[in-house]
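Sequence and predicted structure are below.
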Amino acid sequence: MHYKVKNVACMLPVWNPKVFGNTMPVRHALPRKTLVPDRFASLHRAHMLRRLLSQPVVFVFWLLHFLPLTVLASIGNALGYVLYLSGKHRRNVVKINLDWCFPELSSDERTRLAKDHFRVLGRTILERSILWWGSRERLEHMIRIEGAEKIRALLDAGKPIILLTPHFVGLDAGGVAVAMRFDSLSMYAEQANPVFDRLLLNGRRRFGDQMLLTRQDGIRATVKAMKSGRPFYYLPDLNARRRESIFVPFFGIQTATITGLSRLSRAAGATVLTCVTRVLPGNQGYLTEIGDPWENFPTADPEADTARMNAWIETAIRTMPEQYYWVHRRFKTRPEGEEKVY
């Protein structure tokens, strides 16, 4: 489906009816007819409670975007350390991921890397407030992009484009950098909390004419959008179920990985450009780097293409290991016969 929302005033909290009115109906996960009355009432109360609790959080986020980036970065680093201390489950996920991917590091070095990861994660969480409400001028100053001319040259030549974007913590800033320059395509997953769902959707559509598709829209809609001249901001490096993926090496570990990059580039005749966004120290903001077009891609072998993708992502991670999204259970799906990791 292709989401449509009204243009909004950036300086207003997102739950204000002047912003959204009735343009974003709440969709229920279960049809009402399947719920007995008491159960429905209970879910309705829970839904209202989540909504009421989330509104003050969004208001605080809105206030944060007025802070200088240096101050916001310091607060974000502190938040990240709190998350490291308090988030036992996610801290354990990060520990397992780093143990598997960096066995050459000592235990102390991996612990320092984990703490650095949570700090930069906390920082990017709070700095989303600027992405959602900051002025265009501030964002252009905060997020630099190198290589945008490569996208423009391919679009001018009528070539479909896939921007291969790994899950680094700065990817939202990279998405804004692309959206401020090009009408692009990306995937959107509806959030359980309606307030945050509207907030994220609004943030993704602030600039230009951005198209957001869901997984249910399928390959055909994605290919059509790319062929119409929309660069596809594509993030294919999350864990997938066994039936949706193949196992190829990632840090020397057989890892469930979707073959979408190979299949989509073949179906659309698309050129693959890499897209990496780096979080810079202090008040320097972000740097989005657009790489050169991949040659000899795709091939007739989707498994080889997917292994090439993972090898490139691993190389990129090693340039800034603290900034990859290690809180994700990347190795959750295992080959038949292997024990669970997490």
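All right, it came through fine.

where do the strands sit along the chain?
143-146, 161-164, 185-187, 211-213, 232-234, 246-250, 253-257, 271-279, 286-290 (DSSP state E).

how about those strands in JSON lines, adding mean pLDDT, mean neighbour count and distance to residue 132?
The C-beta positions use only the backbone N, C-alpha and C, and glycine is treated the same way. Listed next are the strands of the chain as JSON lines, based on pLDDT from 0 to 100; neighbours: other CB atoms under 10 Å; distance: least, CB to CB, whole Å:
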{"stretch": "strand 143-146", "mean pLDDT": "98", "mean neighbour count": "18", "distance to residue 132": "13"}
{"stretch": "strand 161-164", "mean pLDDT": "98", "mean neighbour count": "26", "distance to residue 132": "21"}
{"stretch": "strand 185-187", "mean pLDDT": "95", "mean neighbour count": "20", "distance to residue 132": "16"}
{"stretch": "strand 211-213", "mean pLDDT": "95", "mean neighbour count": "19", "distance to residue 132": "15"}
{"stretch": "strand 232-234", "mean pLDDT": "98", "mean neighbour count": "24", "distance to residue 132": "17"}
{"stretch": "strand 246-250", "mean pLDDT": "98", "mean neighbour count": "18", "distance to residue 132": "32"}
{"stretch": "strand 253-257", "mean pLDDT": "98", "mean neighbour count": "20", "distance to residue 132": "31"}
{"stretch": "strand 271-279", "mean pLDDT": "98", "mean neighbour count": "23", "distance to residue 132": "16"}
{"stretch": "strand 286-290", "mean pLDDT": "98", "mean neighbour count": "20", "distance to residue 132": "15"}
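
Output those as a markdown table; include the columns distance to residue 222.
Converted to a markdown table, these look like this (distance: least, CB to CB, whole Å):
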| stretch | distance to residue 222 |
| --- | --- |
| strand 143-146 | 23 |
| strand 161-164 | 10 |
| strand 185-187 | 7 |
| strand 211-213 | 6 |
| strand 232-234 | 7 |
| strand 246-250 | 20 |
| strand 253-257 | 18 |
| strand 271-279 | 14 |
| strand 286-290 | 20 |
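
Select, out of these, the one closest to residue 122.
strand 271-279 (11.2 Å; CB to CB).

Could I get the CA-only coordinates of the closest one as CSV?
Written as CSV, here are the backbone C-alpha positions of strand 271-279 (Å, rounded to 0.1, in the frame of the first residue of the first chain):
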residue,chain,number,x,y,z
THR,A,271,22.4,-0.5,-10.5
VAL,A,272,23.6,-1.0,-6.9
LEU,A,273,25.2,1.9,-5.1
THR,A,274,26.3,1.5,-1.5
CYS,A,275,25.1,4.0,1.1
VAL,A,276,26.7,4.3,4.5
THR,A,277,26.0,7.0,7.1
ARG,A,278,28.6,7.7,9.8
VAL,A,279,27.9,9.4,13.1
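
Specify the angle between that strand and strand 286-290 in degrees.
Using axes from the mean of the first three to the mean of the last three CA atoms, to 10 degrees, the inter-axis angle of strand 271-279 relative to strand 286-290 is 160 degrees.

by contact count, what packs against strand 271-279?
Under the contact definition 3 or more CB pairs under 8 Å, 6 or more residues apart in numbering; DSSP states H and E, strand 271-279 sits against helix 107-133, helix 148-156, strand 161-164, helix 171-179, helix 260-268, strand 286-290, helix 302-319.

hmm, 7 Å instead?
If you count contacts as 3 or more CB pairs under 7 Å, 6 or more residues apart in numbering; DSSP states H and E, strand 271-279 packs onto helix 107-133, helix 148-156, strand 161-164, helix 171-179, strand 286-290.
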